[in-house]
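fold the following, please.
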Amino acid sequence: MRTLLFLDYWSLHEPLTQATVLPTLRMVMAERLADRIVLVTVERGEQAVVKGSALAAGIDHVPLTASAWPPRPVARGWDLVRMVPRLAAVVRREKVGFIMARGVVAGGYAHFVSRVTGVPYGVDYFEPHNRYMTDVGEWRPGGPLDRGLAWLIRQQVRSAQKFVTVSWNYRRQLIAEGAEPGHALTAPCPVDAERMRYDPADRDRIRKRHGWADACIGIYVGKFGGLYHREQAFRAFAEAQRLIGDRFAMIILSPHPEEEVRAGLQAGGFKGNRFIIKHADHREVAEHLSAADIAFAIYRGTPSSACISPMKIGEYWANGLPVLLTRGVGDDSAIIEGDPLGGAVFDPEGDDLAPALTRVLEVIARPGQRVGTAALAARYRSMDITRDVYRGIMSAAFRKA
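Presented below is the predicted three-dimensional model:
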């Protein structure tokens, strides 16, 4: 039996697991690229009580529990020491033929498990995680987390059977740094286009609920701070309101407390109360996207930003929303600059937001714009791209096994 162990460093209930990992696993089973999958997740806090169970036909779940004690570098180091033997035991017990890790942190675990068991591994969603954590001030440059993960990434580049970057920019960087081109593949973070599609019934229902039938609505999905701008994001929302006028309304779907987001809007200069702030389940995102007209993705411009593939941009596009995006983000900024149906890019530290907003307003006035924008998601963020990459990896892995 061709058994794949899929190692996910997030919790089973984490939105990224629900939005990205589970669709990938369903695709692997639907394409018969494996006969069985053992999904290993790393649970934290109260969610650590999750018990192993079958998620779907052929997919079993094995949870591991992360250490909770500070400081973080000590906890992460201890997790590596104690989890590798547990993972190796799972690999042997389940007769795993190949290991796929989601992201470079999980890839570090897979590297050691592969050395212990002899089972080959691959890593997808390959990004320079340590670089952007230091770029945005979350980690200390040259500190133990930065140096440790940088070392683990180098090991993965050398020892992984294949690694799959989420941007062509990062693949080019790695090859320039000496990576073997045949081991480096690229598949941007895929989006479930059917799940995220535009629904006019959802649009009408949400707009009527809030009395915004004729509004021009902006939407922002995600966090503030860290990888994302905080003050500049709220100023961008206020600038859209100033430019569009009383017709403008804002939907913010964020895990931050409502009071905190309200304070940010006020400090940024947003006037009145034509906004919604809520902590939405991922299943609710598409209906709110359908209610909107334009979307915001306010990432911090750092050297490592060129290597990422934000899920939200693909989801915005899949729903037909042009994106106001900061410059230098993954491959997406260049895609948008080459195709106005994708939105417009701007420098949050500069003075070009108003012209970018004006360009997007001109785009949404075009007949059939929403369909044309959704086609970008099909072209650049389709699961078909990931499917083709996985076909090559899995066929080679299980043929060798």
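
leaving out chain neighbours, which residue sits closest to residue 79?
On the basis of Cβ to Cβ, 6 or more residues apart in numbering, the spatially nearest residue to residue 79 that is not a chain neighbour turns out to be residue 67, at 5.3 Å. In short, each C-beta sits where N, CA and C put it, glycine included.

what is the burial count for the one you found?
15 (other Cβ atoms under 10 Å).

thought it was touching residue 80?
No - counting by Cβ atoms under 8 Å, no contact exists between residue 67 and residue 80, whose distance comes to 10.1 Å.

residue farthest from the centroid of the protein?
Computed with Cα atoms, centre = their mean, the maximum C-alpha offset from the centroid of the chain is found at residue 246, amounting to 33.2 Å.

what strand or helix carries that one?
In this structure, residue 246 sits in neither a helix nor a strand according to DSSP states H and E.

where does pLDDT dip in this protein?
46-54, 400-401 (pLDDT under 70).

can you tell me which helix in it is longest?
With secondary structure taken from DSSP state H, the chain has its longest helix at helix 72-93.

quick one: name whatever helix or strand follows that helix.
Toward the C-terminus, helix 72-93 is succeeded by strand 98-102 as the next helix or strand (DSSP H and E).

is it true that residue 63 touches residue 12?
Yes - the pair formed by residue 63 and residue 12 meets the contact definition of Cβ under 8 Å, at 6.8 Å.

would you check that residue 310 makes contact with residue 297?
Yes - under the criterion of Cβ under 8 Å, residue 310 is in contact with residue 297, at a separation of 6.3 Å.

picking that back up, who's in contact with the residue nearest to residue 79?
Residues touching residue 67, when contacts are defined by Cβ atoms under 8 Å, 6 or more residues apart in numbering, comprise 75, 76, 78, 79, 82.

ok, and the closest non-adjacent residue to the last one?
Spatial nearest neighbour of residue 82, chain neighbours left out: residue 67 (8.0 Å); criterion: Cβ to Cβ, 6+ apart.

same question for the third one.
Closest residue to residue 78 apart from its sequence neighbours, by Cβ to Cβ, 6+ apart: residue 67 at 5.3 Å.

the second one too?
By the measure of Cβ to Cβ, 6+ apart, the closest residue to residue 76 outside its immediate chain neighbours is residue 145, 6.8 Å from it.

just say helix, strand or coil for the residue nearest to residue 82.
Residue 67 carries the three-state label coil when classified by DSSP: H, G, I helix; E, B strand; the rest coil.

please, which helix or strand holds the residue nearest to residue 140 when sequence neighbours are not counted?
When the adjacent residues along the chain are set aside, residue 140 lies closest to residue 146, with 6.7 Å between them (Cβ to Cβ, 6+ apart). Secondary structure assigned from DSSP H and E places residue 146 in helix 144-159.

what's that helix packed up against?
Helix 144-159 is packed against helix 72-93, helix 104-117, strand 121-126, helix 129-135, with contacts defined by 3 or more Cβ pairs under 8 Å, 6 or more residues apart in numbering; DSSP states H and E.

so can I have a markdown table of the ones you listed showing distance to residue 382?
Formatted as a markdown table, the entries for the helices and strands packed on helix 144-159 read as follows, by distance: least, Cβ to Cβ, whole Å:
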| stretch | distance to residue 382 |
| --- | --- |
| helix 72-93 | 31 |
| helix 104-117 | 24 |
| strand 121-126 | 15 |
| helix 129-135 | 25 |
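
and residue 266, which of the ones you listed is closest to it?
helix 129-135 (28.7 Å; Cβ to Cβ).

returning to that earlier point: how close does the residue nearest to residue 76 sit to residue 14?
When distance is defined by Cβ to Cβ, to the nearest Å, residue 145 is 20 Å away from residue 14.

could you list the buried residues of the helix holding residue 146?
Within helix 144-159, the residues scored as buried using 16 or more other Cβ atoms under 10 Å are 145, 146, 148, 149, 150, 152, 153, 156, 157, 159.

what's the closest of the contacts of residue 67 to residue 239?
Nearest to residue 239 out of the contacts of residue 67 is residue 76 (Cβ to Cβ; 39.8 Å).

highest mean neighbour count out of the helices and strands packed on helix 144-159?
Comparing the helices and strands packed on helix 144-159 on average neighbours per residue, with mean count of other Cβ atoms under 10 Å, the densest one is strand 121-126 at a mean of 28.

re earlier: so how far is residue 378 from the residue nearest to residue 79?
42 Å.

how about residue 322?
Per Cβ to Cβ, residue 322 is found 15 Å from residue 378.

of those two, who's got more company?
Legend: neighbour count by other Cβ under 10 Å for residue 322 and residue 378, higher for residue 322 (28 against 14).
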